[in-house]
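A.B. asks: just coords:
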């Protein structure tokens, strides 16, 4: 099935050619977010926030055809 | 009170606004004069003036946006700002200029050289000064009607709960570590106050308003262990990124206090000024 992946901020470096509108990625039916990360080159246990269709989800969230997966690094600066 | 209003009318001057309608303006010296005569704070004089639809001249360009009721709400409000660094400094500047009547400023640091690239309160002349005191001095320069309660402390959760108890409306997150932000959210929730979250790293930043019932940061980062810092440790913080995020935080505070507009509730505004995009995410 095909999903769209958007990598934000520092995560963009794992797919430097990816368009702003998102990268089309083919993944097996029933894949969860955790299963997609290695396909993108995102390291295991990289701290990140995952959103599917603009809603925050856990990494065990199973994806569906047409889902938009957005991945963010934690941003904690204020000073 | 009637005598006070009478005195304010005597000292106010009439101008025509762009539509041709009359507007009564009170100058800064007039505010200070009445405060002295009536033995009131400048803030109380400004509150009385705005209630009587006499506008302290300093708020002339705010009136069209916030209205009389909005300006009154701002003057009567107390807002807590935790952190007076990159975000906090610009937030304090903005809220003071808008006339938020009382600001509780909490920051345990002193001004350092590395602050000079981005922090509104850092100058070459005040290196070594506690930032909370620098905040108080700066506010006195831009809006002497605003009272600053300065706490030069690195606070834990219990201290935040105590010091922000008087923040009758809001707490603003201008911190630099994730666990402390989560603690601040717990404090805001315990106090029943909204919290305006902001965070920065390199060219990017994010803003969100969290009401006590909202999942907020725990909805994003979960309840468990969180990293102390994010990508800002590699990317640093250039001058305009805190300005960018702090501006939105100021607008959120103004909207919450005046009831105007739509707060970023359950919405995270994510700004990437490197790529040139802004995304709004549902949280």
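C.D. replies: Cool, the structure landed. Since we're looking at a predicted model, the values are computed, not measured.

A.B. asks: so which strand or helix has the closest residue to residue B:38 other than its chain neighbours?
C.D. replies: Nearest residue to residue B:38, sequence neighbours excluded (CB to CB, 6 or more residues apart in numbering or on different chains): residue B:4, at 5.9 Å. Any C-beta I mention is one placed from the backbone N, CA and C, and that applies to glycine too. Residue B:4 is part of helix B:2-11, with elements assigned from DSSP states H and E.

A.B. asks: Listing partners with orientation, what would you give for the next helix-or-strand element following that helix?
C.D. replies: As assigned by DSSP H and E, the chain's next helix or strand after helix B:2-11 is strand B:13-16. The strands that strand B:13-16 pairs with in its sheet are strand B:22-26 (antiparallel) (by DSSP bridges).

A.B. asks: I'd like to check the angle between the strand it pairs with and helix B:2-11, please.
C.D. replies: Counting by axes from the mean of the first three to the mean of the last three CA atoms, to 10 degrees, strand B:22-26 points 100 degrees away from the direction of helix B:2-11.

A.B. asks: ok so, going back, how many other residues sit next to the residue nearest to residue B:38?
C.D. replies: Neighbours of residue B:4 under the rule other CB atoms under 10 Å in any protein chain shown: 17.

A.B. asks: And the one 4 residues further on, by the same measure?
C.D. replies: Number of residues near residue B:8 (other CB under 10 Å) recorded here: 23.

A.B. asks: Find the residue at the geometric middle of the chain.
C.D. replies: Assuming you mean chain A. For chain A, the residue sitting closest to the mean C-alpha position, by CA atoms, centre = their mean, is residue A:71 at 4.0 Å.

A.B. asks: actually chain B
C.D. replies: residue B:95 (3.9 Å).

A.B. asks: For chain B, what's its nearest residue on chain A.
C.D. replies: Proximity of chain A to chain B (CB to the nearest CB) peaks at residue A:77, 3.1 Å away.

A.B. asks: Can you give me the neighbour number for the residue lying closest to that residue once chain neighbours are set aside?
C.D. replies: Setting aside the residues directly before and after it, residue A:77 is nearest to residue B:232 in space (CB to CB, 6+ apart), at 3.1 Å. When neighbours are defined as other CB under 10 Å, residue B:232 has 25 of them.

A.B. asks: Any figure for the gap between residue B:232 and residue B:99?
C.D. replies: Look at residue B:232 and residue B:99: by CB to CB, to the nearest Å, they are 32 Å apart.

A.B. asks: what residues does the stretch 1-150 of chain B put near chain A?
C.D. replies: Taking CB under 8 Å from any CB of the partner chain as the criterion, the neighbours of chain A within the stretch 1-150 of chain B are B:83, B:85, B:86, B:87, B:88, B:109, B:119.

A.B. asks: which stretches of the stretch 101-250 of chain B have low pLDDT?
C.D. replies: Residues of the stretch 101-250 of chain B that meet the criterion pLDDT under 70 lie in B:169.

A.B. asks: please redo it, this time with the cut-off set to 50
C.D. replies: Residues of the stretch 101-250 of chain B meeting the criterion pLDDT under 50: none.

A.B. asks: Could I get the full set of strands for it?
C.D. replies: Along the stretch 101-250 of chain B, counting by DSSP state E, counting those that start in this stretch, strands occupy B:102-106, B:147-151, B:170-173, B:195-201, B:204-210.

A.B. asks: go on, chain A?
C.D. replies: With DSSP state E as the criterion, chain A has strands at A:2-7, A:23-26, A:49-52, A:55-57, A:68-72.

A.B. asks: Throw the ones you listed into TSV and include mean pLDDT and distance to residue B:218, thanks.
C.D. replies: Output for the strands of chain A, formatted as TSV (pLDDT from 0 to 100; distance: least, CB to CB, whole Å):
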stretch	mean pLDDT	distance to residue B:218
strand A:2-7	95	23
strand A:23-26	94	29
strand A:49-52	92	12
strand A:55-57	88	10
strand A:68-72	93	16
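
A.B. asks: is it true that residue B:130 touches residue B:107?
C.D. replies: Yes. Using CB atoms under 8 Å, residue B:130 makes contact with residue B:107 at a distance of 7.4 Å.

A.B. asks: List the residues that are in contact with both of those two.
C.D. replies: Residues touching both residue B:130 and residue B:107 (CB atoms under 8 Å, 6 or more residues apart in numbering or on different chains) are residue B:152.

A.B. asks: the more surrounded of those two?
C.D. replies: Using other CB under 10 Å as the criterion, residue B:130 and residue B:107 rank with residue B:107 on top: 29 against 19.

A.B. asks: Would you check that that one makes contact with residue B:89?
C.D. replies: No. Using CB under 8 Å, residue B:107 is not in contact with residue B:89; the gap is 9.4 Å.

A.B. asks: Please work out the average pLDDT along the helix or strand where residue B:88 lies.
C.D. replies: Per DSSP H and E, residue B:88 falls inside helix B:86-98. Helix B:86-98 carries an average pLDDT of 97.

A.B. asks: okay, the angle between that helix and strand B:102-106?
C.D. replies: With the same axes, to 10 degrees applied, the angle from helix B:86-98 to strand B:102-106 works out at 170 degrees.

A.B. asks: Helix B:86-98 packs against which elements?
C.D. replies: In terms of contacts (3 or more CB pairs under 8 Å, 6 or more residues apart in numbering or on different chains; DSSP states H and E), helix B:86-98 is packed against strand B:78-82, strand B:102-106, helix B:131-142, strand B:170-173, strand B:195-201, helix B:240-258.
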